[in-house]
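Colleague: heads up, no residue letters with this:
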């Protein structure tokens, strides 16, 4: 895509997420890989994520999508934790069978004010997507809202 | 809106949700009110829902939106638990202060195959919306997928 | 909703739209009514808007939704024509029969940087919605992008 | 992605689009390339597409996104012209400078009832995306709605 530069690596991102979100997040030590314009995040499976039919729940997938997009932005702007999600659209493509939830997040644009990410989620494999999400973040200026 | 008919009331909906989702849902006994084309759902606040800045997390709001839309569909089609979320779009309008999460869900359309719901979420009051979501459900035919 | 204040009325909005967009818009003299937090816009029907099945095309509905949201923002912020659409989500609820396209646009939030609008579209009547759209605008700061 | 099979090629798609939409579409003879799971569509630039600031209008981009998704579905299901758009979400990533509008559409899922497409749009080049859209289609059963 464009020529993005990484400002935070895997260990820095996981440390930051752990300090900020601690036990409140379903996604622990989530970031597996970082590259310009991309991150790969994994949410560890837990049986409480299942819904009738033994499929991973929609809110679980949304939560992993949100984490993936958030760490993607962080990786490219640095520890500016004031970025806030402004919108998220998710399309559920097929039932997500029980298993770790993988998310590939791709930076579509990173402006001074808004950033847009594309996230693809799966449990079975990247060629069997469970969902696709588009997440928009507003970068909070130092003082402004 | 159109002339919708209610097939399940508050107690039936909460009973159904409890049997189906048990403890896996963050939203317990959620349905407060049902009327043709509308439900009002409340997710009980818990401090683990907070994010830095003491705001209710995005995934918590998305989860309540999903529950509200799901119970809205159930109320109008009966205990046909095969309806699956096909997409959800949420716009975060302002930070959601700590408190119970209220959701007003409105049926926009209910076809033989798809149903679309508008959901408005708040913690402070209905005149200070925290988020608006649009949720689409596919109604699974008895045999078809 | 909140306590919005109108800065431009019907005639000012139609004048502004005409000067800015002239003949390039499918929606002429579109604004019919303005109130705090709301506008009502009408796109005049033309047979070229029809698709097979004699239904108004999706792009026509999207264009009217965009115009409705844009004039809604203008009405509340004044002639600050630097506002740009950042996202639009539209759900098609039923086929739109031939006829003028009505749009009711409601302001969900108006921050210093982003504004979010809910738009409902119909040709037959407000109780038979053809589509619902959510449109997000970024307000361009005097210097920033 | 998955193992999609092409049922209609470039010439068949352009013939079908021409017969069905004739002069009502802004996108003429649009399909440039078809491959399993993908199409590349081009909307010819016309000055009437420009908005203040000499940028291609949002509705123009939405229209090309819709055409790209529609021809992508057609290419994979054959001349089943009953598929209808059920939702479209578009994120505008940067201003689209004057020029032909290119769209790369990718099939994310193709079920018996729903199909979901990812569309990326640009005028300057694929590494400078102007917009990303997600489009959902319902496949009309022979008799059902």
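Modeller: The structure has been received and is ready for your questions. Everything numeric here is computed off the predicted structure, so don't read it as measured data.
Colleague: For residue A:3, which non-adjacent residue is spatially closest?
Modeller: residue A:36 (7.3 Å; Cβ to Cβ, 6 or more residues apart in numbering or on different chains). Using the backbone N, CA and C atoms, a C-beta is placed for each residue, glycine as well.
Colleague: which residues touch the one you found?
Modeller: Shown in contact with residue A:36 (Cβ atoms under 8 Å, 6 or more residues apart in numbering or on different chains): A:3, A:4, A:5, A:6.
Colleague: How far off centre is stretch A:47-63?
Modeller: For stretch A:47-63, the separation from the chain centroid amounts to 16 Å (computed by Cα atoms, centre = their mean, to the nearest Å).
Colleague: buried stuff in it?
Modeller: Judged by neighbour count (16 or more other Cβ atoms under 10 Å in any protein chain shown), stretch A:47-63 contains these buried residues: A:49, A:50, A:51, A:55, A:56, A:57, A:58, A:59, A:60, A:61, A:62, A:63.
Colleague: and the residue nearest to residue A:3, how far is that from residue A:76?
Modeller: Look at residue A:36 and residue A:76: by Cβ to Cβ, to the nearest Å, they are 8 Å apart.
Colleague: With residue A:3 instead?
Modeller: 11 Å.
Colleague: Neighbour count for the two, which is higher?
Modeller: A count of neighbours by other Cβ atoms under 10 Å in any protein chain shown puts residue A:76 above the other of residue A:3 and residue A:76, at 20 against 7.
Colleague: so which helix or strand takes in that one?
Modeller: In the assignment (DSSP states H and E), residue A:76 maps to helix A:58-77.
Colleague: What angle do helix B:58-77 and that helix make with each other?
Modeller: Calculated by axes from the mean of the first three to the mean of the last three Cα atoms, to 10 degrees, helix A:58-77 forms an angle of 150 degrees with helix B:58-77.
Colleague: Helix A:58-77 near chain B anywhere?
Modeller: Yes. Helix A:58-77 comes into contact with chain B (Cβ under 8 Å from any Cβ of the partner chain), by way of A:58, A:59, A:62, A:63, A:66.
Colleague: Show me the two of those that sit farthest apart.
Modeller: A:58 and A:66 (12.4 Å; Cβ to Cβ).
Colleague: Can you give the strand pairings for the host helix or strand of residue A:107, parallel or anti for each?
Modeller: Counting by DSSP H and E, the element that carries residue A:107 is strand A:101-110. Next to strand A:101-110 in the sheet, as set by DSSP bridges, lie strand A:38-43 (antiparallel), strand A:114-122 (antiparallel).
Colleague: Save the ones you listed as a markdown table, and put in mean pLDDT and mean neighbour count too.
Modeller: Formatted as a markdown table, the strands paired with strand A:101-110 follow (pLDDT from 0 to 100; neighbours: other Cβ atoms under 10 Å in any protein chain shown):
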| stretch | mean pLDDT | mean neighbour count |
| --- | --- | --- |
| strand A:38-43 | 96 | 24 |
| strand A:114-122 | 96 | 25 |
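Colleague: what sits in contact with each of residue A:36 and residue A:76?
Modeller: What both residue A:36 and residue A:76 touch, as defined by Cβ under 8 Å, 6+ apart, is the set A:4, A:5, A:6.
Colleague: right, and the first one touches residue A:37 too?
Modeller: Yes. Here residue A:4 reaches residue A:37: they are 4.4 Å apart, a contact under Cβ atoms under 8 Å.
Colleague: who's more crowded, these two?
Modeller: Neighbour tally, residue A:4 and residue A:37, criterion other Cβ under 10 Å: the higher count belongs to residue A:37, 20 against 15.
Colleague: Quick check: that one touching residue A:105?
Modeller: No. Residue A:37 is not in contact with residue A:105 according to Cβ under 8 Å; the separation is 9.3 Å.
Colleague: measure stretch A:49-59 end to end?
Modeller: Length of stretch A:49-59, first residue to last, Cα to Cα, to the nearest Å: 9 Å.
Colleague: doesn't residue A:134 make contact with residue A:85?
Modeller: No. The pair residue A:85 and residue A:134 fails to qualify as a contact (Cβ under 8 Å) at a distance of 11.4 Å.
Colleague: Those two: which is more packed in?
Modeller: Set residue A:85 next to residue A:134 and count neighbours by other Cβ under 10 Å: residue A:134 wins out with 26 against 22.
Colleague: who's in contact with the more buried one?
Modeller: Residue A:134 touches A:88, A:89, A:108, A:116, A:117, A:118, A:119, D:89, D:91, D:132, D:134, counting by Cβ under 8 Å, 6+ apart.
Colleague: and what of residue A:115?
Modeller: Counted by Cβ under 8 Å, 6+ apart, residue A:115 has contacts A:73, A:76, A:77, A:83, A:107, A:109, A:136, A:137, A:139.
Colleague: Does it have any beta-bridge partners, and if so which?
Modeller: Under the criterion used (DSSP bridges), residue A:115 bridges to residue A:110, residue A:137.
Colleague: Also the one 5 residues further on?
Modeller: Judged by DSSP bridges, the bridge partners of residue A:120 are residue A:104, residue A:132.
Colleague: Chain D contacts on chain A?
Modeller: Looking at chain D, the residues of chain A close enough under Cβ under 8 Å from any Cβ are A:1-2, A:89, A:91, A:93-94, A:108-109, A:111, A:116, A:118, A:127-129, A:132, A:134, A:136.
Colleague: Now restrict the residues you listed to buried residues only.
Modeller: Neighbour counting with 16+ other Cβ under 10 Å marks A:1, A:89, A:91, A:93-94, A:108-109, A:116, A:118, A:129, A:132, A:134, A:136 as buried within these.
Colleague: one step back: by pLDDT, rank the buried residues of stretch A:47-63 and give me the bottom one.
Modeller: Lowest pLDDT of these: residue A:51, 85.
Colleague: quick one, phi psi at that residue?
Modeller: Dihedral pair for residue A:51: phi -120, psi 170, per degrees, to the nearest 10.
Colleague: Now do the closest residue to it other than its chain neighbours against residue B:67, distance only.
Modeller: Once flanking residues are discounted, residue A:51 sits nearest to residue A:57: 4.5 Å by Cβ to Cβ, 6+ apart. Noted for residue A:57: a distance of 10 Å to residue B:67, by Cβ to Cβ.
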